[in-house]
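Asks: next input, structure requested:
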Amino acid sequence: MRSYNRFTTDLEIDCVIGRKRHKVALYNLSSGGCMIETPTKDAVQDAEVKIVLTGKAIMPGKIAWRVGKNAGVKFDLPLHQKVVEHFGYTTGEDFDRDDPRDRFGIPIVESLPVAVGLIE
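Replies: Residues are numbered from 1 along each chain as shown. Got it, this is the predicted structure:
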């Protein structure tokens, strides 16, 4: 069981691993840590990192795990939940909940006209 809610992100951020600054992909974020993707070999388990969310929001932590290019970072101190919500989003949003649906709950979409002809 996780201690904090995780939010999906789709950002490219700076990350300091050891003394080197790298561009990494930030895949998810919670108050307790995050998951990044980086090809650098410096991102080994227990390596000290700084996740640079903005110029003023820099989160120190350690690499908790590494699988391929993905790594989990555990923050030294919790990140405020409002900051997490600012950068992340939940994938369970009901953006289409008011769309018309059939009796099975499947959204009804209009049929597009079919093109006629041969493709060679």
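Asks: return the helix or strand in the chain with minimum mean pLDDT.
Replies: Least confident helix or strand, the chain: helix 81-87 with a mean of 90, by mean pLDDT, DSSP states H and E.
Asks: any weak-confidence spans in this protein?
Replies: When residues are selected by pLDDT under 70, those of the chain lie in 1-2, 90-120.
Asks: please redo it, this time with the cut-off set to 90
Replies: For the chain, the stretches flagged by pLDDT under 90 are 1-8, 10, 18, 54-57, 85-120.
Asks: which residues of it fall in strands?
Replies: Assigned by DSSP state E, the strands in the chain fall at 7-17, 20-29, 33-37, 48-52, 58-67, 70-75.
Asks: please name every helix or strand in contact with the last one.
Replies: Other helices and strands packing on strand 70-75, by 3 or more CB pairs under 8 Å, 6 or more residues apart in numbering; DSSP states H and E, are strand 33-37, strand 48-52, strand 58-67. All C-beta atoms are positioned from the backbone trio N, CA, C, and that covers glycine.
Asks: so what strands line up beside it?
Replies: Strand 70-75 pairs in its sheet with strand 33-37 (antiparallel), strand 58-67 (antiparallel), by DSSP bridges.
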